[in-house]
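Peer 1: Okay, here's the prediction I keep looking at, along with the sequence it came from:
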Amino acid sequence: MARIPLLQMNDIALTFGGDPIFDGLDLVVQPSDRVALVGRNGSGKSTLMKIMAGMVEPDTGTRVLSPGVSVGYMDQHPDLSAYETLGEFAASGLEPGHDYLVERVAEGLKMRLDTPVATASGGERRRAALAKLLAEAPELMLLDEPTNHLDIQAIEWLENELKQTRAGFVLISHDRAFLRALTRATLWVDRGQVRRQEKGFEHFEAWRDKVWDEEDTNRHKLNRKIKSEARWAVEGISARRKRNQGRLRALHALKDERSSQIKRQGAAEMALEAGPKSGRKVIEAKGISKIYGDKVILKPFDLRVMRGETIAFVGPNGAGKTTLLKMLTGQEEPDTGSVSHGTGIEMAVFDQNRSTLDENASLWENLTSDPEMRISGKSDQVMVRGNPKHVVGYLKEFLFSDEQARAPVRSLSGGEKARLILARIMARQSNLLVLDEPTNDLDVETLDLLQELISGFDGTVLVVSHDRDFLDRVAERTIAMEGNGIATAYAGGWSDYRAQRQEVASPAAKKPEKTKTAPKDKPKDKPAASGLSFTEQHRLDALPDEMDRLTAEIAKLEEFLMDPDLFTKEPVKFKKASEGLAERQQKLAAAEEEWLELEEKAETAG
């Protein structure tokens, strides 16, 4: 028995001047569909979703919603002006007495319902829109970038919530791990055409590449045919002018077909160029801590960052990731401890709040007003890694059009603003990249390119992100802000961190009893020993965890270096891993020696 679709759209066309956004679009969403809606930034994904929601009227075509079907749309920029608090807005569509539904969702999304709308950030407003949609539980959910501004814990909660729903949903997201876990079909928006594949996002990139390969082959065949027919027209038409007009018209038709094809947008021509090498030690933090009022952001924490490392910082929103990053880079002073920088540091910073952009100024003005890009006496050129470039030419490398160059920044999408900041960062030479949530809003292709650039960057990278797949691709070490001011370093990316956490939590991973030959297994709960100062006792208690961490990092790096092809295929990664292994082995030996000295001092005093 055929299922009645939730939503059906027929022959949809929409034009915002210039080329059509959509033309002749047919689309069906079935009950329980779990669909990824993908495409480049600016391709029309959000516009299509608004047509599906009935918020945008197409120029032609029909949208049919089955009787009794409710549709919920999560807007990236919800209008909350009629409400006092986020909770009041989120519960506004519910029947009286059903506020508990919002409370349950708000807990999962870690949203304060009593937050005044007037002081709520953009991310808090988006969480309120998502909470409202999930509490209402419509038969069809349209989710536009729901993971933006959520931390990883909230993303995993939302992922589990959507896995259990019986509703159909269409999902726009840049988060690969999120899309892979949830979707069973894919809608691909590409140059005004919408294709559908009955497979989830996991299969999208292979499908996309196959379509593009076929497109390139067909274009090549068309060009060869036009060339052949054009040669015939030049050489033979004078002798057969009258009877071969049909063939000539066919040649013109072939040329018209070629000119009507919309050129595929290429990848951004982003490039990272490291400046002169910094010293081997980039940052060393000793005993740094931070407290805001009654809230402990960071308890005393040590970290040494070596040249060439890529270190990720993860943890819940508000845990202190950005604060720690600012202390490490000298933008904020710690309450205790010290931070020292190595020699020759040239730093470039990606700010998650995008405060470096002037929203009312044009893209052109944002680049030419940058002190590090400005060329004296030149209003149409900028300095890019030591070479002058025309402003529009440089913006085109980041996929901006001529028209956008003179448009205000506020007219850009979130992904386009992120690309503009990357354009500013990548114009300068640097050997320390500080990237605070650079992945928000970027499309899959730009994320791929950014990941490749970071992996090949001959410098040091500190990155905060909630994108699990991205962290797995780039991070060599992960600093986890685990709550209550505790920060812990782990080897590898997000998946490695989770695996190591599970090993620690597993009963099988309990530490054996302490022996003199295994000082790293010293239990932490030994009572204070006479003869040790408070600092020495604290250090004695902390050393076993530090040695466990170093041992785990060493094992991970040794496993990584066992690949016989690593040296030839990835010489930069091989070098970084080898240096990291040697450093950790030295630190472990030093930590074990320090533990033995402190333990002997405590026993002698006892």
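Peer 2: Great, that's in hand.

Peer 1: what residues are up against the residue positioned nearest the centre of the chain?
Peer 2: The residue lying closest to the centre of the chain (Cα atoms, centre = their mean) is Thr439, at 2.5 Å. Under the criterion of Cβ atoms under 8 Å, 6 or more residues apart in numbering, the neighbours of Thr439 are 174, 447, 450, 465-467, 470. To be clear about C-beta, it is placed using only N, CA and C from the backbone, and glycine gets the same treatment.

Peer 1: before we move on, what about Trp188?
Peer 2: Per Cβ under 8 Å, 6+ apart, neighbours of Trp188: 38-39, 194-197, 204, 207-208.

Peer 1: nearest to Gln500, of these?
Peer 2: Phe204 (30.6 Å; Cβ to Cβ).

Peer 1: who are the neighbours in contact with the closest one?
Peer 2: For Phe204, the contact set (Cβ under 8 Å, 6+ apart) comprises 36, 38, 186, 188, 197, 444.

Peer 1: same check, this time on Lys286
Peer 2: Contacts for Lys286 (Cβ under 8 Å, 6+ apart) come out as 302, 337-339.

Peer 1: Repeat that for Ala405.
Peer 2: Counting by Cβ under 8 Å, 6+ apart, Ala405 touches 362-364, 391-392, 395.

Peer 1: Considering the residues you listed, which possesses the most neighbours?
Peer 2: The most crowded member of those, judged by other Cβ atoms under 10 Å, is Leu363 (25 neighbours).

Peer 1: Surely Val71 and Glu136 touch.
Peer 2: No: counting by Cβ atoms under 8 Å, Val71 does not reach Glu136; the two are 10.2 Å apart.

Peer 1: ok but Lys290 is inside a helix, no?
Peer 2: No: Lys290 is assigned strand when assessed by DSSP: H, G, I helix; E, B strand; the rest coil, not a helix.

Peer 1: what's around it, how many residues?
Peer 2: There are 22 residues near Lys290, going by other Cβ under 10 Å.

Peer 1: now it: how far from Ile297?
Peer 2: Noted for Lys290: a distance of 4 Å to Ile297, by Cβ to Cβ, to the nearest Å.

Peer 1: same question, Met52
Peer 2: With Cβ to Cβ as the criterion, Met52 and Ile297 are 42 Å apart.

Peer 1: in the sheet, who's paired with the nearest residue to Ala53 once chain neighbours are set aside?
Peer 2: Nearest residue to Ala53, sequence neighbours excluded (Cβ to Cβ, 6 or more residues apart in numbering): Tyr73, at 3.8 Å. Here Tyr73 sits in beta bridges with Leu142, going by DSSP bridges.

Peer 1: Isn't Tyr73 up against Leu130?
Peer 2: No: taking contacts as Cβ under 8 Å, Tyr73 lies outside contact range of Leu130: 10.9 Å.

Peer 1: neighbour count winner among the two?
Peer 2: A direct count of neighbours by other Cβ under 10 Å for Tyr73 and Leu130 places Leu130 higher, at 29 against 20.

Peer 1: Remind me what the helix or strand harbouring that one packs against, helices and strands.
Peer 2: Using DSSP states H and E, Leu130 falls within helix 122-136. Secondary-structure packing of helix 122-136 (3 or more Cβ pairs under 8 Å, 6 or more residues apart in numbering; DSSP states H and E): strand 71-74, helix 86-90, helix 99-109, strand 140-144.

Peer 1: Could you tell me how many residues sit around Gly393?
Peer 2: Residues within reach of Gly393, counting by other Cβ under 10 Å, total 13.

Peer 1: where does it land on pLDDT?
Peer 2: Gly393 is assigned a predicted lDDT (pLDDT) of 91.

Peer 1: Specify which residues of the stretch 301-450 of the chain, grouped into ranges, have pLDDT under the cut-off.
Peer 2: Residues of the stretch 301-450 of the chain meeting the criterion pLDDT under 70: 352-353.

Peer 1: 80 - rerun?
Peer 2: 351-356, 377-378, 413-415, 440-443, 445 (pLDDT under 80).

Peer 1: follow-up on the earlier one: I'd like the contacts of Ala405 as TSV, with distance to Pro371 appended.
Peer 2: Formatted as TSV, the contacts of Ala405 follow (distance: Cβ to Cβ, whole Å):
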residue	distance to Pro371
Ser362	18
Leu363	17
Trp364	16
Val391	16
Val392	21
Leu395	19
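
Peer 1: From the recorded domain assignment, give the ranges for this structure.
Peer 2: Per automatic domain parsing, the structural domains of the chain span 1-70+143-152+169-199, 213-260, 511-606.

Peer 1: Between the ones you listed, which one is closest to Val384.
Peer 2: Minimum separation from Val384 across the domains of the chain (Cβ to Cβ) falls at domain 1-70+143-152+169-199, 21.8 Å.

Peer 1: coming back round to it: could you turn the buried ones of the contacts of Thr439 into a ChimeraX selection?
Peer 2: Entered in ChimeraX, the line below selects the buried ones among the contacts of Thr439, by 16 or more other Cβ atoms under 10 Å:
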select :174,447,450,465,466,467,470
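
Peer 1: Filter the contacts of Thr439 down to the ones in helices?
Peer 2: 447, 450, 470 (DSSP state H).

Peer 1: Show the contacting residues for the second one.
Peer 2: If you count contacts by Cβ under 8 Å, 6+ apart, Leu450 has them with 270, 422, 438-439, 442.

Peer 1: Of all pairs in the residues you listed, which one spans the longest distance?
Peer 2: Met270 and Thr439 (13.9 Å).

Peer 1: how far does the longest helix seen in the chain sit from the chain's center?
Peer 2: Across the chain, the longest stretch assigned as helix under DSSP H is helix 571-605. Once both centres are worked out by Cα atoms, centre = their mean, to the nearest Å, helix 571-605 turns out to sit 34 Å from its chain's centre.
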